[in-house]
Every structure is written in structure tokens, then in C-alpha cells.
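J.: Based on what follows, work out the 3D shape:
(chains A and B)
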2 protein chains.
Amino acid sequence: MSKPLILVTNDDGITAPGIRALIACASELGEVLVIAPDSPQSAKGHAITVADPLRIEKVDIFGEIEAYKCSGTPVDCVKMAKTVVLNGRTADLCVSGINHGSNAAINILYSGTVSAAMEASLDGIDSIGFSLLDFAQDANFENAMPFLKQIIQEVLEKGLGTTKLLNVNIPNLPREEIKGIKICRQANARWVEEFAESTDPWGRKYYWLTGTFENPDKGEDCDVFALEAGYISIVPSHHDLTDYKAMDGLKFLEQTV
Amino acid sequence: MSKPLILVTNDDGITAPGIRALIACASELGEVLVIAPDSPQSAKGHAITVADPLRIEKVDIFGEIEAYKCSGTPVDCVKMAKTVVLNGRTADLCVSGINHGSNAAINILYSGTVSAAMEASLDGIDSIGFSLLDFAQDANFENAMPFLKQIIQEVLEKGLGTTKLLNVNIPNLPREEIKGIKICRQANARWVEEFAESTDPWGRKYYWLTGTFENPDKGEDCDVFALEAGYISIVPSHHDLTDYKAMDGLKFLEQTV
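T.: Okay, the predicted model is just below:
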């Protein structure tokens, strides 16, 4: 039997330690094809590049593994992988990350990592976004490796069924302190942003986005709760943003001329 | 009673005809504050700017109306409006658009217009993204004006209740052919992308994203169906991406160490 084809991407860029860890893990389980942004693309959400041309170039930084850097966003990378690189072949799985930093709760909206996986899922490909709760460039990805390998292996074997996308977040803990894996819902948490104000060398004012994460959601079934309890959180996620429960209550807006 | 405060933004940029139409409409119903990107930001999704500073500058292009251009994405604009411009005041409503082009179905994921409205909704502000199914710079926004005014007025009066975000799309039809307004779910349609391949003046290959929209979803309750039937579609939308129906089926991934 031929090995499954695993598409690997990320949003921190092709030289990030996180994608190297994910490639190491995925290449034990299948044939790996890498296509990732040529520069950091954090917080690009589901952005695509429509007003500018895109470049793609083969790189030789992962040994035997076929890899490309792309000038676009994470979602652009997946679109190019499918159309320009795979050229008729279909990936069996898409894994994105490992992101340097959390994509739990509301962070999924801003996340290039999960958006890239979501883009692959739109074509019916089982897809997983992986994130470690450590922003540092030298984050320790080793602790989570056995769990990641297990998740990828089980998804390859059993498939994701009706859903096509998992948002996986990993607590930043030593291996022996990781308590296990939980299926969760997205916590209803939020960012309270602030802007650091300063002045550039030419005397013009500028602002830099910052903020604090607040979680009023105390549900024990949500991803933030699981992570704080030492579990890896898995949120099955989808691209249907319809708020079905609200539909009936808005009938007052309907009319027929 | 003081007038409601309406925050207006978009993704086509502060000089786009669509935002001018929306401002004209909103200013009949409340006090308007405008903050929009200083350049086109189509298809930026929920992207935010974290690795670069942001600029904001007052502009005097809408008569008496207070307006600002911002160097960031549509979502950045909303964050800056709240934190830097409103400075303690809270908008009663956020309207985004009118987008030049459809944000129905899967387009919501890529849409800067709807993402800006969603960002405002995260703070509990009733928010509406408006889009007209015409990409043209000289699109005719007049046909839809009476409907838009009615939607904004009813939302100001009655509020959106449990949901906080509406994705409103408007068919590109003469006023007398618009059949009315329908509450819908998001169609499960997709883009089949293609990349136009070409060579730059220096002989390097580049790619430009293009594609065709395909809608296999034949449900008569979806936005694409309503639009094709001549109705304005309203999809109540939210930021919880959890695929609740899939949770039970993924229990095989759970474990406790």
C-alpha cells in the first residue's frame, strides 16, 4: 500500500522551528509535501492575495522532503499546493503548524495556521491545525510529539467523518504533566486590545496592537478549560458561520415586495 | 433622545463608492463615525496587523462627518475605532461595506467587510456587513438604498437579540426587480481556484489567483438561492466555529494519561 500524502504548511514561515517539528512527525507516517510562507504570516486569518502576483520556489532545507516557499498567505499556500504543485494529486491529510502560540478560543478567527487547514478542509481533505501555547521562537515542541503522532495516525486510520477540520492546541508543559487529550467546544473568550502609542524617527505618531486575553467562559467543556487543566484540546471546527438559533428571531426583517 | 452612534467601515478603502453610499444611508439614521482602510483591503478576512505599526489620520472627504483612514486591515480599523478614536464611547451599531462584490456563501471567510463587522460584534455591538453582487467600481448602489435604510432602522429599533452579526448580500438588480428580504443560512458553495501563470519583465514566473464559484448546495433556505431568486439575503452569523454535531463522533481521539 502506498503511503498517505500529507500536506504540511504553517503561518510562522518555512524556517520556523514549529514546522520542522511537524514535518519530523508527519514524515514518520506518510509522504510529506511542504508548502509554507516565505515570511512570517501570523494573524493573517483567512486572507488571500488577489491584488498581487504570487511566487513559489522550491527549497532544499528538509533533506529528502519536497518543499516550497510561497510569497503569499497561509491560505494562498494551500491553494497553490493544490493547483500548482499537486497538479491533479490529492493530499490525504493537511497538517498546519505547529504554531508558536495559542489558537484556542477566539484566536481561531485570526489564525493563519487554522485558516490554512480550513482551506484544505473545504476540498474535503481531513485537516488539522496544531498550536503550542508558547510564543517563543525556541519553544519546546518535543514534549507534545508523542501525542501529535498519535492524533495524526488515528486520523489517517479512522478519518474525521462528517467534520473535516480539527483545531488542536497543546499546553506548554513537560511531557509527564500533559494529562491527555479532550474533545472540546471553542471557548467564548475574547481579546481586550490596547494600542501602544509611539512616535517614529520622523516625528509621526504610530500605534502598535497589543492586548490581553480574557475568558469569561467558565464551561468545563471548552478548549481553554481543558488547556488550563493540562489537556491537549481538540475542537472540531467548520466553515459554516450561520447562527442557526438566531434565524427564527430575525423573521421581522423579512419582507416580500 | 440622542441619536444612535453608527460606526461605518469597509474593506474596499475609504475612497470606494460603496462606503459613500453606506455613509449616506447611515447618516439619515444616526451620528456617523467613519474609519476605513487607506487602501483596498479586499479578501483580507479576519487578518490583523501584529508585526508592523499602524497609522491613523483624519480625513475631510465626507462633509460634516468625522472620518479617519487607517493603514491596517478592516479588522484593525474596528479595533482602532474602539480603542483610539471612540476612547470610552461605544457604538450602537457597526455597518461595513457596501462591498463591491458578493460575500454570500463561502465568501464570508475571505471577506474583510464581514470580518470587520464580526470584530465589532465580538464586543456585543450589533453589526452588519453589506455587499452588492457587483464587483464594478461604478456599481449602482442606489437600487438597494431603500432596503438598506429599512434594515438599519429596524436593527436600531429592535436590536439583533442573541445574535450580533448579519451578513447581508444584495442582488445586482433594478429596484423594481428586487423581490424582498429573506433570512437564510450560508450556502455550502465553494471556489474552484485557478492560477493564471505568467512571466514578469525580469523573466521570473509568477501566478495570479483566479477561480470560479461553484454551488452544489440546492437548498432553498440558503443565501445563494435567495439571491438568485431576486431577494436580499440576510445570514445571521457568529464567531463560534465549533462543529458541535461532530463532537461525539471524535471521542476515539480522547485519552487520559
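J.: count of residues packed around the closest residue to residue A:215 other than its chain neighbours?
T.: Taking Cβ to Cβ, 6 or more residues apart in numbering or on different chains as the measure, residue A:215 lies nearest to residue A:189, with 3.8 Å between them; neighbours along the chain are not counted. Backbone N, C-alpha and C define where each C-beta goes, glycine included. The number of residues packed around residue A:189, counting by other Cβ atoms under 10 Å in any protein chain shown, is 17.
J.: who are the neighbours in contact with residue A:189?
T.: Residues near residue A:189 by Cβ atoms under 8 Å, 6 or more residues apart in numbering or on different chains: A:104-106, A:213-217, A:224.
J.: how far away is the closest residue to residue A:246 other than its chain neighbours from residue B:239?
T.: Once its chain neighbours are removed from consideration, residue A:246 has its nearest residue in residue B:163; the separation is 3.4 Å (Cβ to Cβ, 6+ apart). Summarising the geometry, the distance separating residue B:163 from residue B:239, computed by Cβ to Cβ, to the nearest Å, is 11 Å.
J.: and what of residue A:24?
T.: Distance from residue A:24 to residue B:239, by Cβ to Cβ: 34 Å.
J.: And residue A:28, by the same measure?
T.: The span separating residue A:28 from residue B:239 equals 36 Å under the rule Cβ to Cβ.
J.: neighbour-wise, which of those two wins?
T.: residue B:239 (21 against 12).
J.: How much space separates the more buried one from residue A:203?
T.: 39 Å.
J.: Also residue A:52?
T.: Distance, residue A:52 to residue A:203, using Cβ to Cβ: 31 Å.
J.: more crowded one of these two?
T.: Set side by side, residue A:52 and residue A:203 show more neighbours around residue A:52, with 11 against 6, by other Cβ under 10 Å.
J.: List the residues that contact the residue nearest to residue A:246.
T.: With contacts taken as Cβ under 8 Å, 6+ apart, residue B:163 has the following neighbours: A:243, A:245-246, A:249-250, B:236-238.
J.: Now name the helix or strand holding it.
T.: Residue B:163 is part of no helix or strand when elements are defined by DSSP states H and E.
J.: what's the most distant pair in the contacts of residue B:163?
T.: Looking at the contacts of residue B:163 by Cβ to Cβ, the two members farthest from one another are A:249 and B:237, with 14.0 Å of separation.
J.: still on that earlier bit, counting neighbours, which of the contacts of residue B:163 comes out on top?
T.: In terms of neighbours by other Cβ under 10 Å, these top out with residue B:236 at 27 neighbours.
J.: so that residue makes contact with residue B:161?
T.: No. Contact status for residue B:236 versus residue B:161: not in contact, 9.2 Å apart, counting by Cβ atoms under 8 Å.
J.: Give me the common contacts of the two.
T.: Between them, residue B:236 and residue B:161 share these contacting residues under Cβ under 8 Å, 6+ apart: A:246, A:250.
J.: Where does pLDDT dip in the stretch 1-150 of chain A?
T.: The model of the stretch 1-150 of chain A has pLDDT under 70 over residues A:1.
J.: Chain B contacts on that one?
T.: A:40, A:42-51, A:53-56, A:73, A:75-76, A:79-80, A:82-84, A:106, A:108-110, A:115, A:118, A:122-123, A:150 (Cβ under 8 Å from any Cβ of the partner chain).
J.: Point out the ones among the residues you listed that are inside helices.
T.: In helices, judged by DSSP state H, the following of the residues of the stretch 1-150 of chain A next to chain B are found: A:75-76, A:79-80, A:108-110, A:115, A:118, A:150.
J.: So what pairs up with residue A:66 in the strands?
T.: With DSSP bridges as the criterion, the beta-bridge partners of residue A:66 are residue A:33.
J.: Just give the number of residues close to it.
T.: 14.
J.: And residue A:205, by the same measure?
T.: A count of neighbours around residue A:205, defined by other Cβ under 10 Å, yields 12.
J.: That one is in contact with residue A:195, isn't it?
T.: No. Under the criterion of Cβ under 8 Å, residue A:205 is not in contact with residue A:195, lying 10.6 Å apart.
J.: gap between residue A:146 and residue A:135?
T.: As judged by Cβ to Cβ, residue A:146 and residue A:135 stand 23 Å apart.
J.: what ranges do the strands span in the stretch 151-257 of chain A?
T.: Taking DSSP state E, counting those that start in this stretch as the test, the strands found in the stretch 151-257 of chain A are A:165-170, A:180-183, A:190-199, A:205-214, A:231-237, A:255-256.
J.: Revised request: answer the last question for the stretch 1-150 of chain A.
T.: For the stretch 1-150 of chain A, strands defined by DSSP E, counting those that start in this stretch occupy the ranges A:5-9, A:31-37, A:56-59, A:66-70, A:93-100, A:126-132.
J.: mean confidence score for stretch A:158-170?
T.: Averaging the model's pLDDT scores along stretch A:158-170 yields 96.
J.: Measure how far that stretch is from the centre of its chain, please.
T.: Average the C-alpha atoms of stretch A:158-170, do the same for its chain, and the two points are 12 Å apart (Cα atoms, centre = their mean, to the nearest Å).
J.: List the buried residues in that stretch.
T.: Neighbour-count burial for stretch A:158-170 flags A:160, A:163-170 (criterion: 16 or more other Cβ atoms under 10 Å in any protein chain shown).
J.: hey, C-alpha coordinates of that stretch in PDB?
T.: What follows is stretch A:158-170, C-alpha atoms only, in PDB (Å, rounded to 0.1, in the frame of the first residue of the first chain):
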ATOM      1  CA  LYS A 158     -10.100   6.300  11.000                       C
ATOM      2  CA  GLY A 159     -10.800   9.600   9.200                       C
ATOM      3  CA  LEU A 160     -12.600  12.600  10.600                       C
ATOM      4  CA  GLY A 161     -16.100  11.600   9.400                       C
ATOM      5  CA  THR A 162     -18.600  14.400   8.900                       C
ATOM      6  CA  THR A 163     -16.300  17.100  10.100                       C
ATOM      7  CA  LYS A 164     -13.100  17.900   8.200                       C
ATOM      8  CA  LEU A 165     -11.100  20.200  10.500                       C
ATOM      9  CA  LEU A 166      -9.600  19.900  13.900                       C
ATOM     10  CA  ASN A 167      -8.200  22.800  15.900                       C
ATOM     11  CA  VAL A 168      -5.600  21.200  18.200                       C
ATOM     12  CA  ASN A 169      -4.000  23.200  21.000                       C
ATOM     13  CA  ILE A 170      -1.200  21.900  23.200                       C
END
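J.: Nothing else from me, thank you.
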